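Engineer: Need a 3D model of the following:
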Amino acid sequence: MSSNTVNKTTYIISKMDCPSEERIIRMRLEGLKTISMLSFDIPARTLDVVHSGPQDEIFAALDGLNFNTTHVKTEPVDAADTTADHESERRLLYQVLMINAFFFILELIMGVVANSMGLVADSLDMLADSIVYGLSLYAVGGSLFRKKRVARVSGWFQMGLAVLGIAEVARRFFGLEEMPSFQLMIGISALALIGNAASLYLLQKSRSSDAHMQASMIFTSNDVLVNIGVIAAGVLVLVTESKYPDLIVGILIFGIVARGAMRIMRLGK
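Structural biologist: Okay, here's the model as predicted:
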């Protein structure tokens with residue numbers, strides 16, 4: 001077999017008639033490093049698996065689920081023919097990576113200028129996302145085992161940022177800090193909200209259920225909530241003439257970051 005070919009095996013799985021069976025099958029197969037792609041057709045009860053080497057180990061794993069699995073055929077295919085979806089994922093992830101990297105720099109600079117913990121926290125969340133998307137780019141086209149490992153690394157990294165952020169907010173609560181600029185808080189967060197909404201739209205278009213892509217969508221969904229929170233904090237700073245709304249939203253942001261990290265780590269199990 002040419003080095004440019006892989007195998008594509010088709011199975012009929014008679015008892016696969018809803019998304020819950022699909023998830024069980026994914027969990028069953030995700031430890032097999034030879035698998036690079038799964039394609040489910042639930043109405044037709046078929047599963048296509050792109051993999052290297054023989055299909056015997058894959059069939060044994062499926063047969064152990066007692067879903068009445070039948071091996072239909074295994075055929076060599078050109079590896080280039082299986083990479084179209086991977087290339088689409090790469091382009092999409094590059095786009096959201098650039099959006100997040102831009103807003104990380106913008107929010108970090110403006111957060112320091114505005115003396116806003118909310119903006120600084122959001123900028124660090126953007127940095128975490130940029131690294132996550134970079135890790136996801138590494139995972140595209142790789143084995144399902146590698147994709148799950150990327151999800152775990154992403155989750156632990158985000159949890160670390162959450163802990164450091166909460167510690168900094170606590171320090172500012174008891175320090176003598178200047179009032180943050182509510183104008184910059186609201187204006188920059190509104191721009192970041194537009195950027196994150198665009199990123200989420202792009203990610204949802206992929207309709208991927210791979211762990212690394214699901215992780216990316218969780219991070220971006222969190223960001224939309226974070227941006228709304230910083231805008232609300234800016235309004236409260238204006239109304240109350242107090243620094244505390246900015247610090248409180250900082251705690252909430254890092255709480256969201258921590259919750260997202262736990263969800264990501266569960267995806268990587």
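
Engineer: where's residue 36 relative to residue 24, distance?
Structural biologist: 20 Å (C-beta to C-beta, to the nearest Å). All C-beta spots, glycine's among them, are computed from the backbone N, C-alpha and C.

Engineer: And the helix or strand hosting residue 236, what does it pack against?
Structural biologist: Using DSSP states H and E, residue 236 sits within helix 211-240. Counting contacts by 3 or more C-beta pairs under 8 Å, 6 or more residues apart in numbering; DSSP states H and E, helix 211-240 is packed against helix 84-114, helix 117-139, helix 144-173, helix 182-206, helix 244-267.

Engineer: any idea which of these is most buried?
Structural biologist: Of the helices and strands packed on helix 211-240, the one with the most neighbours on average (mean count of other C-beta atoms under 10 Å) is helix 117-139, at a mean of 25.

Engineer: How is the chain partitioned into domains?
Structural biologist: Using automatic domain parsing, the domain ranges for the chain come out as 5-82, 84-267.

Engineer: okay, residue 36 and residue 24: which has more neighbours?
Structural biologist: residue 36 (20 against 13; other C-beta atoms under 10 Å).

Engineer: And the residue nearest to that one when sequence neighbours are not counted, what's its pLDDT?
Structural biologist: Distances taken as C-beta to C-beta, 6 or more residues apart in numbering place residue 50 nearest to residue 36, at 5.2 Å, with adjacent residues excluded. For residue 50, the pLDDT comes out at 87.

Engineer: do the same with residue 186
Structural biologist: The predicted structure lists residue 186 with a pLDDT of 93.

Engineer: Find the residue closest to it in space, skipping its chain neighbours.
Structural biologist: The nearest residue in space to residue 186 (C-beta to C-beta, 6+ apart) is residue 234, at 3.9 Å.

Engineer: Show the contacting residues for that neighbour.
Structural biologist: 116, 118, 180, 182-183, 185-186, 189, 246 (C-beta atoms under 8 Å, 6 or more residues apart in numbering).

Engineer: quick revisit: dump the helices and strands packed on helix 211-240 into TSV; add distance to residue 40 as well.
Structural biologist: Listed next are the helices and strands packed on helix 211-240 as TSV, based on distance: least, C-beta to C-beta, whole Å:
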stretch	distance to residue 40
helix 84-114	13
helix 117-139	19
helix 144-173	13
helix 182-206	15
helix 244-267	18
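
Engineer: Doesn't residue 48 belong to a strand?
Structural biologist: Yes - secondary structure of residue 48 (DSSP: H, G, I helix; E, B strand; the rest coil): part of a strand.

Engineer: Surely it touches residue 8?
Structural biologist: Yes - counting by C-beta atoms under 8 Å, residue 48 touches residue 8, with 6.0 Å between them.

Engineer: Fine by me, we can end here.
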